[in-house]
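Chemist: Mind folding the following:
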Amino acid sequence: KEGDSDGEGNENKGLEKDSGTTGSAGSCYRIVSALVQYNETRFEVNCESKTEIIFGPGNFHECLLGVRFCVSPEAFFQINAKAAECLFETVREWVSNPVPYPDEKKEDGADGKAGDTEPGTISKSEENNSSTAGNTVASSPPVILDVCCGTGAIGLLLAKSARMVYGLEIVAEAIEDAKRNAEINKIDNVKYYVGKAEETIKEVMESVSKQTEGDIIAVVDPPRGGLHGKVIEALRNCERVKYLVYVSCNAKSMMEDVKKMVQPCTKKLLGVPFKVIRTRPFDLFPQTLHFEMLMLLSRDHERGKSRPHSTRADRR
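Modeler: You can find the predicted model right below:
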């Protein structure tokens, strides 16, 4: 990590720029910390793997959009910091103003191009349309449910404009980072839960219902396999979840999850279905076939609670 401190006066960084002649810019990087991880399984990621620090502090510090983060080796964090800032800034923008842009709701012309309305501006007609559809922007700060939160990056970036942030993460070390990051940035409206999302989501939903009021905006950033079925059911069936922001590195698994969010009601998916109102790809992995996908969904109150459909899975 180039030229950044941890906000506590410490000089240790992930990678420091040093003078030299390596590279087109005439500079090289001095490695200030190295670790080795022992993985005796065939899986790429193993939470129980032993990690040994060869030298240095064993973690690194990053600053994104004015928020500082300390990241441990087992914790997930986007390595393309500049592109990640674009992604997180869009998440923050969508959460603060989830009503579709006028040019996104306007039908495309013959040339397939959207209107020229300036992004971020909402017309009176848009506000009225959103109000009648039950998708108005909340007048009070929302509750943020950060599923698969990692080191707390997204939730901490949203905390300033949120009533409360609840983070769920399976990696205990990442949660320790998230708590430390909240302390570093003097953010106190966050609470974290360690465990599998499918096992903690029910407890979190009950806690949210008892401790806070207002609408819930869920932000999910699952691993490549997507969300567990129990997490999808919990989000779909909680009527207070008005919007869902889906961050994904695997478009295929994301679409499988989204199909369950937007499909008509079933015996398990009882809540009003969602609808997709925005999508945007981000090139976090340049010169590869991979990309990060961002999608915003809102409750589709125009469809409402249709009669539950009996599926083959339900009959089983």
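
Chemist: and the nearest residue to P141 once chain neighbours are set aside, how many neighbours?
Modeler: Nearest residue to P141, sequence neighbours excluded (Cβ to Cβ, 6 or more residues apart in numbering): R163, at 4.2 Å. To be clear about C-beta, it is placed using only N, CA and C from the backbone, and glycine gets the same treatment. R163 sits with 17 neighbouring residues when counted by other Cβ atoms under 10 Å.

Chemist: got a list of what R163 touches?
Modeler: By Cβ atoms under 8 Å, 6 or more residues apart in numbering, the contact list for R163 reads 140-143, 189, 212-214.

Chemist: what does D257 give?
Modeler: 222, 226-227, 232, 246.

Chemist: and the gap between A153 and D215?
Modeler: 22 Å (Cβ to Cβ, to the nearest Å).

Chemist: neighbour count winner among the two?
Modeler: Higher neighbour count among A153 and D215: A153, with 29 against 20, using other Cβ under 10 Å.

Chemist: which residue sits closest to that one in space, ignoring its chain neighbours?
Modeler: F69 (6.3 Å).

Chemist: Need phi/psi at the residue nearest to V71 when sequence neighbours are not counted.
Modeler: Leaving aside its sequence neighbours, V71 sits nearest to F77 (Cβ to Cβ, 6+ apart; 4.6 Å). Backbone torsions for F77, taken as degrees, to the nearest 10, come to phi -160, psi 140.

Chemist: How about L145?
Modeler: According to degrees, to the nearest 10, L145 has phi -110, psi 110.

Chemist: Would you mind confirming that it makes contact with Y243?
Modeler: No - using Cβ atoms under 8 Å, L145 makes no contact with Y243, being 10.4 Å away.

Chemist: Touching both of these two, which residues are there?
Modeler: Joint contacts of L145 and Y243 (Cβ under 8 Å, 6+ apart) are 217-218.

Chemist: which one of these two has more residues nearby?
Modeler: Neighbour tally, L145 and Y243, criterion other Cβ under 10 Å: the higher count belongs to L145, 27 against 23.

Chemist: residue contacts, the more buried one?
Modeler: L145 neighbours (Cβ under 8 Å, 6+ apart): 166, 168, 204, 208, 216-219, 235, 241.

Chemist: The closest residue in space to E239 that isn't next to it in sequence and A234: what is the separation?
Modeler: Nearest in space to E239, with sequence neighbours left out and distances taken as Cβ to Cβ, 6+ apart, is G271 at 5.8 Å. Noted for G271: a distance of 10 Å to A234, by Cβ to Cβ.

Chemist: With neighbour numbers in mind, choose between those two.
Modeler: A234 (22 against 18).

Chemist: so where is the stretch 51-200 of the chain shaky, pLDDT-wise?
Modeler: 100-139 (pLDDT under 70).

Chemist: can you rerun that using 90?
Modeler: 51, 55-64, 66, 69-84, 96-141, 150-152, 161, 171-174, 198-200 (pLDDT under 90).

Chemist: can you give me the strands in it?
Modeler: With strands called from DSSP state E, counting those that start in this stretch, the stretch 51-200 of the chain shows them at 60-64, 67-71, 143-147, 164-169, 190-194.

Chemist: Using CSV, write out every CA atom in the third one.
Modeler: Extracted as CSV, the C-alpha positions of strand 143-147 are listed here (Å, rounded to 0.1, in the frame of the first residue of the first chain):
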residue,chain,number,x,y,z
VAL,A,143,-31.1,0.9,9.0
ILE,A,144,-28.2,-0.7,7.1
LEU,A,145,-28.0,-4.5,7.1
ASP,A,146,-24.5,-5.3,5.8
VAL,A,147,-24.4,-9.1,4.9
